[in-house]
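Trainee: Here is the input, now give the coordinates:
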Amino acid sequence: MDFFFNPRAIAVVGATPNSFKGGSSILKNLIAGYQGRIYPINPRYDKIEGLPAFPSVSAVDGPVDLAIVFVPAQATPNAIEDCIRKGVSGVIIESGGFAETGPEGRRLQQRILDRARAAGIRLWGPNCMGLVDAVHSRVFSFMDPRSLQAGLVPGNVSLVVQSGMLSAGFLVDIMTHGIMGISKVCSVGNKMDVDECDLVPWLLRDPDTAVIGLYLETIARGRRFADICRSSAKPIVVLKGGKSPRGAQAAMSHTASLAGNRRIVSGALAQAGVIEAYDFKQMMDLCRSLAMVPDKADELKGGVAILTFSGGAGIVSSDFLEEMGLTVADFADDTKKSLRAVFPDWMPVANPVDLWPAMEKNAATDVDIYSEAMKAVLADPAVDAVLLHVFVGNFRIRINLPDLAQQSRATGKPVFIWLLGRRDEAYQFQMAAREQGVPVFQELHRAVECLSIVMRRKKRAAPAIFVDKAGKCLPLALEFRKLLAEVNGPLDEFISKQILKTYDIPTVDEAIATDVHECLQAAAGIGYPVVMKGLQEGGVHKTELGLVYLDIRNKSTATRTFKTLTRKMGGRGRVLIQKHVKGHVELILGLIRDPQFGPCVMIGLGGIMAEVFQDAVFAMAPLNHQEALALTGRLQGQKLLDGFRGNPPVNREEIARILVALGTIGLAYPRIQEIDVNPLIIDAAGAVAVDATIIVK
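Mentor: Numbers count the residues shown, from 1 in each chain. Just a heads-up that it's a prediction; the model follows:
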């Protein structure tokens with residue numbers, strides 16, 4: 001991949017002196033910053049922009065590492081053939097007209113890809129804006145050169161963006177607003193060959209990149225991408241487009257219907273330690289925040305000091321901090337004593353710290369109120385970060401940015417600034433803060449949000465290993481292995497739970513009855529009250545079919561129910577008798593095989609609440625125990641799990657063990673598409689699966 005980022009010579013196929021065309025912009029951008037050899041390719045010209053032009057890439061005398069192609073889609077195959085003859089290592093195709101246009105464009109794109117793979121060259125794009133390297137002033141893109149006249153601002157955040165125009169928009173917005181610096185921007189377009197799984201590993205090795213942000217509409221190699229992110233020592237932020245319910249397919253089980261695309265993507269990213277963004281500006285703010293904080297920020301606990309010029313702003317800040325899982329730190333006595341030295345006697349000292357009275361008291365002195373207050377709160381062991389409110393344009397509010405930044409670096413405690421004030425002064429302050437490595441925000445909520453992400457960023461769990469203690473996958477009985485190898489569609493509830501029991505997933509006491517005598521015998525053995533269900537081939541939703549009867553308490557009711565079920569099924573089903581279990585919590589656990597991320601386990605609120613609240617979270621299999629506990633902790637209904645209205649708390653260790661087992665089953669048997677355990681009832685004895693379905697395909 002290095003030939004894309006550090007080529008010694010570049011050919012521009014489609015170079016032109018016509019300033020209204022992209023081939024001209026590509027050439028001008030290269031001339032402005034790239035230090036290697038540049039070869040314009042166009043048979044109609046001898047020179048373009050003062051450089052000798054060539055009729056083809058193969059006609060160039062010297063070696064060519066990279067070709068940038070900007071010609072019509074139908075002319076691109078010939079351009080690629082020419083690059084293959086020359087021995088070019090990589091090609092960035094920036095022109096459009098390929099898979100994004102429909103079936104014909106997809107066929108053209110696939111034909112080009114097949115040829116390139118056979119020849120062993122890499123293709124970046126098509127339908128993209130190429131690559132911008134702000135650190136080395138390299139622009140391999142048809143971006144309008146006029147938009148770059150302000151100059152690239154070097155930084156340590158790199159972006160991988162699937163939308164071409166969006167990547168250009170990011171750059172222009174960042175440069176003209178003085179928000180942040182950039183290392184690389186990689187616009188990947190259709191991703192016919194090179195994708196995030198190629199670019200992120202390169203950026204992880206790049207010394208100029210500290211944080212990676214990605215806007216992706218598809219993640220074709222989901223598990224590979226998650227593995228890369230999981231092993232990353234650098235923060236990774238992802239904004240995923242296309243997560244709406246329109247992307248979800250109809251499915252037979254609750255597990256699948258609760259999944260869609262959004263929850264699985266979010267679950268896999270969270271499991272891999274990725275920070276998920278939900279808006280473009282938010283993604284950039286998260287990236288720059290993570291790039292600016294001290295290395296030891298992941299060791300911080302969550303206590304924040306608020307230094308403000310406004311009591312009201314301090315109150316709202318406290319609300320936001322608590323809402324996002326941080327705490328307003330309780331100051332030590334020494335901290336209060338230090339602060340009192342600059343405050344008027346009548347002013348009590350507390351967090352949030354309203355600095356305005358201190359500013360008024362010391363207006364005619366050389367006392368730097370902000371710096372003195374920072375020194376006091378940063379020395380407090382209970383303070384792990386400072387949220388600083390700054391107003392520019394008022395002579396009484398003086399800010400020594402270099403001093404504040406130096407104090408932050410010295411203590412290893414991040415300082416985030418919420419900025420208000422006059423427009424021109426605010427712009428200058430923001431640029432100065434960027435140079436000092438201090439994050440500045442013009443929205444208070446965003447400032448707290450980014451601070452919370454920085455402070456709650458944890459080290460990733462070790463990857464799970466798909467083996468039991470003996471180093472082998474647990475075996476199933478021959479009859480079950482045969483079913484999983486041959487059957488298509490749902491297995492009935494009884495068989496599904498027999499398979500789950502092999503993996504020590506607790507299931508309800510139950511038995512199959514073929515006549516009334518067996519029914520009564522089973523009910524007596526299990527003990528009344530019982531539940532009776534009719535099992536039919538392919539019938540997953542038994543309640544909707546009227547095949548579930550609850551709370552059967554005696555022989556006469558059991559006899560009558562057996563006959564009713566037999567009649568409803570027309571003699572083509574089986575009757576299942578099981579213990580009637582009541583509990584204080586009902587959960588749904590399951591597994592689904594996702595086309596992007598493979599087998600993924602889920603947990604959510606079950607029973608009738610499954611589709612009402614749709615509180616469900618997902619993670620890729622295999623899971624280790626720690627990951628399974630973390631997955632359960634992501635449910636919104638934590639109060640139910642912790643014990644609600646006198647109920648005992650759920651045994652999270654047992655739930656985690658079941659989640660690990662579900663993942664193991666999914667990996668062991670690739671034909672299993674879905675597992676639905678709904679509900680898993682939690683009673684005084686623990687967890688028990690009272691209904692389950694395995695779907696094979």
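Trainee: Could you pick out the longest strand of this protein?
Mentor: In the chain, assigned by DSSP state E, the strand with the most residues is strand 672-683.
Trainee: Show me what that one is packed up against.
Mentor: Strand 672-683 is packed against helix 254-259, helix 493-502, strand 585-594, helix 652-668, strand 686-689, strand 692-696, with contacts defined by 3 or more C-beta pairs under 8 Å, 6 or more residues apart in numbering; DSSP states H and E. Just so you know, the C-beta spots here come from the backbone N, C-alpha and C atoms, and that holds for glycine as well.
Trainee: in the second one, what's buried?
Mentor: So that's helix 493-502. Under the neighbour-count criterion of 16 or more other C-beta atoms under 10 Å, helix 493-502 has Glu493, Phe494, Ile495, Ser496, Lys497, Gln498, Ile499, Leu500 buried.
Trainee: Arg115: which of the residues you listed is nearest?
Mentor: Ranking these by separation from Arg115, with C-beta to C-beta as the measure, puts Ile499 on top at 46.8 Å.
Trainee: how about the nearest residue to the closest one, chain neighbours excluded?
Mentor: Phe480 (5.3 Å; C-beta to C-beta, 6 or more residues apart in numbering).
Trainee: Pretty sure that neighbour sits in a helix.
Mentor: Yes. Counting by DSSP: H, G, I helix; E, B strand; the rest coil, Phe480 is part of a helix.
Trainee: Now do it against Gly178, distance only.
Mentor: Distance, Phe480 to Gly178, by C-beta to C-beta, to the nearest Å: 64 Å.
Trainee: Repeat that for Pro344.
Mentor: Relative to Gly178, and taking C-beta to C-beta, Pro344 is found at 37 Å.
Trainee: So for these two, which residue has more residues nearby?
Mentor: Taking neighbours as other C-beta atoms under 10 Å, Pro344 and Gly178 compare with Gly178 leading, 20 against 11.
Trainee: Measure how buried the residue nearest to the more buried one when sequence neighbours are not counted is and give me the count.
Mentor: The shortest distance from Gly178 to any non-neighbouring residue, by C-beta to C-beta, 6+ apart, is to Met431 (4.1 Å). Met431 sits with 15 neighbouring residues when counted by other C-beta under 10 Å.
Trainee: just Ala118 next, same as before
Mentor: With neighbours defined by other C-beta under 10 Å, the count for Ala118 comes to 9.
Trainee: helix, strand or coil for it?
Mentor: The three-state assignment at Ala118 reads helix, by three-state DSSP.
Trainee: ok, now Leu404?
Mentor: Under the three-state scheme (three-state DSSP), Leu404 adopts helix.
Trainee: Tell me the bridge partners for Val688.
Mentor: As for beta bridges, Val688 partners with Ile681 under DSSP bridges.
Trainee: Correct me if wrong: it contacts Thr507.
Mentor: Yes. The pair Val688 and Thr507 qualifies as a contact (C-beta atoms under 8 Å) at a distance of 6.6 Å.
Trainee: So for those two, which sits in the more crowded spot?
Mentor: Between Val688 and Thr507, counting by other C-beta under 10 Å, Thr507 is the more crowded of the two (22 against 18).
Trainee: Look up how far Val677 lies from the more buried one.
Mentor: Between Thr507 and Val677 the distance, using C-beta to C-beta, works out to 9 Å.
Trainee: Identify the contacts common to the two.
Mentor: The overlap between the contact sets of Thr507 and Val677 (C-beta atoms under 8 Å, 6 or more residues apart in numbering) consists of Leu500, Ala689, Ala692.
Trainee: shouldn't the residue nearest to Ile499 be in contact with Leu500?
Mentor: No. The criterion here is C-beta under 8 Å, and Phe480 misses it with Leu500 at 10.5 Å.
Trainee: Pull the number of nearby residues for Gly534.
Mentor: The tally of other residues near Gly534 (other C-beta under 10 Å) stands at 24.
Trainee: show me the contacts for the nearest residue in space to it that is not next to it in sequence.
Mentor: The shortest distance from Gly534 to any residue that is not its chain neighbour, by C-beta to C-beta, 6+ apart, is 3.5 Å, and that residue is Leu547. Residues touching Leu547, when contacts are defined by C-beta under 8 Å, 6+ apart, comprise Lys533, Gly534, Leu535, Gln536, Gly539, Leu565, Lys568, Met569, Gly573.
Trainee: The stretch 301-450 of the chain: helices as residue ranges?
Mentor: The residue ranges that make up the helices of the stretch 301-450 of the chain, judged by DSSP state H, counting those that start in this stretch, are 311-323, 333-340, 356-361, 369-378, 401-411, 423-436, 444-456.
Trainee: Need those in a markdown table (columns: mean pLDDT and distance to Ala79).
Mentor: As requested, the helices of the stretch 301-450 of the chain are exported to a markdown table (pLDDT from 0 to 100; distance: least, C-beta to C-beta, whole Å):
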| stretch | mean pLDDT | distance to Ala79 |
| --- | --- | --- |
| helix 311-323 | 95 | 53 |
| helix 333-340 | 94 | 67 |
| helix 356-361 | 88 | 65 |
| helix 369-378 | 94 | 59 |
| helix 401-411 | 94 | 50 |
| helix 423-436 | 91 | 41 |
| helix 444-456 | 94 | 44 |
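Trainee: and Asp114, which of the ones you listed is closest to it?
Mentor: Between Asp114 and the helices of the stretch 301-450 of the chain, the shortest separation by C-beta to C-beta is 42.5 Å, and it involves helix 444-456.
Trainee: mind listing what Gly666 touches?
Mentor: For Gly666, the set of contacting residues under the criterion of C-beta under 8 Å, 6+ apart consists of Leu591, Arg593, Pro599, Val601, Ala621, Ile672, Ile675.
Trainee: Was I right to think the fifth one contacts Gly663?
Mentor: Yes. Using C-beta under 8 Å, Ala621 is in contact with Gly663, at 2.9 Å.
Trainee: closest to Val88 among the buried residues of helix 493-502?
Mentor: Ile499 (53.7 Å).
Trainee: Please look at the closest one and Ile694 and confirm they touch.
Mentor: Yes. Distance between Ile499 and Ile694: 6.2 Å, which falls inside the contact criterion (C-beta under 8 Å).
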